[in-house]
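Enquirer: sequence unavailable; structure follows:
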């Protein structure tokens, strides 16, 4: 079972500027890749890579970062087409669907950028990360999270993490692969009938009337009898 764990980065001022510049650069280039994909009929990822990878490298992206930008664009179009097929964007001639199909997908400057273990490494004991940026790799970037989140990261983090900027703060959203809990298989069953006189009666013959409820009923019965005599 895959779940995500979010941590907040606490970078120094120069590191924050590098992270902000990195997100804007990769998302600007993702918009350009999207335009290329749209013009070429959204080819497969390998075909799209042949048309866009050289420029991404020339713009200063590392090999893994360039691959992630291309994959991010291709995945965005895959999601768009899936929503169109499912009818989530309306009927074929609806304004919403025409608008979605008539122009390339764009990415916000703060949109998430995926990182794999080649671009991002975690130091759990020190609660720091080493992360690639367009200004070079920066190290010892502190992160904060709850004790449970840190334990989850240490034991189950696996795969990619996403860097995002939200309200001027930076976050890493890490994927954790948690093993499924063992399924409990009962070795038998009983039936339970809920009633008014008896709260519950089981198929084994046990009757649960409730000691407190029986006392309350006797008290009310005696009170009614007393009042009726008046």
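Expert: In hand now; what should we look at? For clarity, every value in this text was computed on a predicted model and none was experimentally measured.

Enquirer: residue 75: neighbour count?
Expert: Using other CB atoms under 10 Å, residue 75 has 12 neighbouring residues. To be clear about C-beta, it is placed using only N, CA and C from the backbone, and glycine gets the same treatment.

Enquirer: where's it, which helix or strand?
Expert: helix 63-85 (DSSP states H and E).

Enquirer: check which residues of that helix are buried.
Expert: 64-74, 76-77, 80 (16 or more other CB atoms under 10 Å).

Enquirer: let me see the ranges of the strands in the protein.
Expert: Applying DSSP state E to the chain gives strands spanning 2-10, 113-115, 120-123, 128-131, 138-144, 157-166, 169-177, 192-194, 200-202, 207-208.

Enquirer: looking at the ones you listed, which one is packed in the most?
Expert: Sort the strands of the chain by mean neighbour count, taking mean count of other CB atoms under 10 Å, and strand 113-115 sits at the top with a mean of 22.

Enquirer: partners of that strand in the sheet?
Expert: Counting by DSSP bridges, the strands paired with strand 113-115 are strand 157-166 (antiparallel).

Enquirer: okay, the angle between the partner strand and strand 2-10?
Expert: 50 degrees (axes from the mean of the first three to the mean of the last three CA atoms, to 10 degrees).

Enquirer: could we number from 41 for the rest of this?
Expert: Let's use 41 as the start, then, which means that last one is strand 197-206.

Enquirer: any idea how many residues pack against residue 94?
Expert: When neighbours are defined as other CB under 10 Å, residue 94 has 11 of them.

Enquirer: now the longest helix belonging to the chain: buried residues?
Expert: Counting residues, the longest helix found in the chain (DSSP state H) is helix 53-79. Residues 55-56, 58-60, 62-67, 69-78 are the ones in helix 53-79 that count as buried (16+ other CB under 10 Å).

Enquirer: circling back: let's have the buried residues of helix 103-125 in JSON lines, adding distance to residue 237.
Expert: As requested, the buried residues of helix 103-125 are exported to JSON lines (distance: CB to CB, whole Å):
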{"residue": "104", "distance to residue 237": "71"}
{"residue": "105", "distance to residue 237": "72"}
{"residue": "106", "distance to residue 237": "75"}
{"residue": "107", "distance to residue 237": "71"}
{"residue": "108", "distance to residue 237": "68"}
{"residue": "109", "distance to residue 237": "71"}
{"residue": "110", "distance to residue 237": "71"}
{"residue": "111", "distance to residue 237": "66"}
{"residue": "112", "distance to residue 237": "65"}
{"residue": "113", "distance to residue 237": "68"}
{"residue": "114", "distance to residue 237": "67"}
{"residue": "116", "distance to residue 237": "63"}
{"residue": "117", "distance to residue 237": "65"}
{"residue": "120", "distance to residue 237": "61"}
